[in-house]
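Chemist: My questions concern the predicted model and sequence given below.
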Amino acid sequence: QLRPVESGGDLVQPGGSLSLSCDVSELTLDYYAITWFRQAPGKEREGVTCIGFKDGVTYYADSVKGRFTISRDSAKSTVYLQMVSLQPEDTAIYYCAATPISLIGRCMIASSTAYWGQGTQVTVSA
């Protein structure tokens, strides 16, 4: 079954940093955009950032601009999410998802995705 695999979730103090990884080696990556979503308890799943794997075009939610950076390593078939200046409101399960490249303009919308990872927990707390 085609499924991204996330890793790197952890407990971090406010103001701290964390990097998440998403293994997408099961996919033909030129045909997809990869998005990081997150879902906090009691809230809807929201798109955080997205990258077109072939051309590297990126999108960011306003809430994370300047703090989160998405990148990809083609040789490793991996997408990274580097997070700095983390705050308690960043606490959530972070999911990696693949969206067909034809829908890249909608890659921040959960209903556009084709494949989901199982998620990794990020907790920001003192």
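Modeler: Structure's in. What do you need?
Chemist: CA atoms for contacts and neighbours, from now on please.
Modeler: OK.
Chemist: does Leu29 really touch Gly56, like I thought?
Modeler: No - taking contacts as Cα atoms under 8 Å, Leu29 lies outside contact range of Gly56: 11.4 Å.
Chemist: Of these two, which one has the most company?
Modeler: Leu29 (19 against 13; other Cα atoms under 10 Å).
Chemist: Tell me the spacing between the residue lying closest to Leu29 once chain neighbours are set aside and Phe37.
Modeler: What sits nearest to Leu29 in space, not counting adjacent residues and going by Cα to Cα, 6 or more residues apart in numbering, is Phe53, at 6.0 Å. Plainly put, Phe53 is 16 Å away from Phe37 if you go by Cα to Cα, to the nearest Å.
Chemist: okay, now the residue nearest to Leu29: neighbour count?
Modeler: Using other Cα under 10 Å, Phe53 has 24 neighbouring residues.
Chemist: swap in the one 10 residues further on?
Modeler: Each residue near Ser63 was counted by other Cα under 10 Å, and the total is 10.
Chemist: follow-up on the earlier one: surely the residue nearest to Leu29 meets Ile34?
Modeler: Yes - taking contacts as Cα under 8 Å, Phe53 lies within contact range of Ile34: 6.7 Å.
Chemist: and Gly8, what does it touch?
Modeler: Contact partners of Gly8, counting by Cα atoms under 8 Å, 6 or more residues apart in numbering, are 18-21, 120.
Chemist: ok, the residue nearest the centre of the chain to Ala126 distance?
Modeler: Among the residues of the chain, the one closest to the centroid is Trp36, at 1.8 Å (Cα atoms, centre = their mean). Distance of Trp36 to Ala126, given as Cα to Cα: 24 Å.
Chemist: Next step: the contacts of Gly8 restricted to strands.
Modeler: By the criterion of DSSP state E, membership of the contacts of Gly8 in strands covers 18-21, 120.
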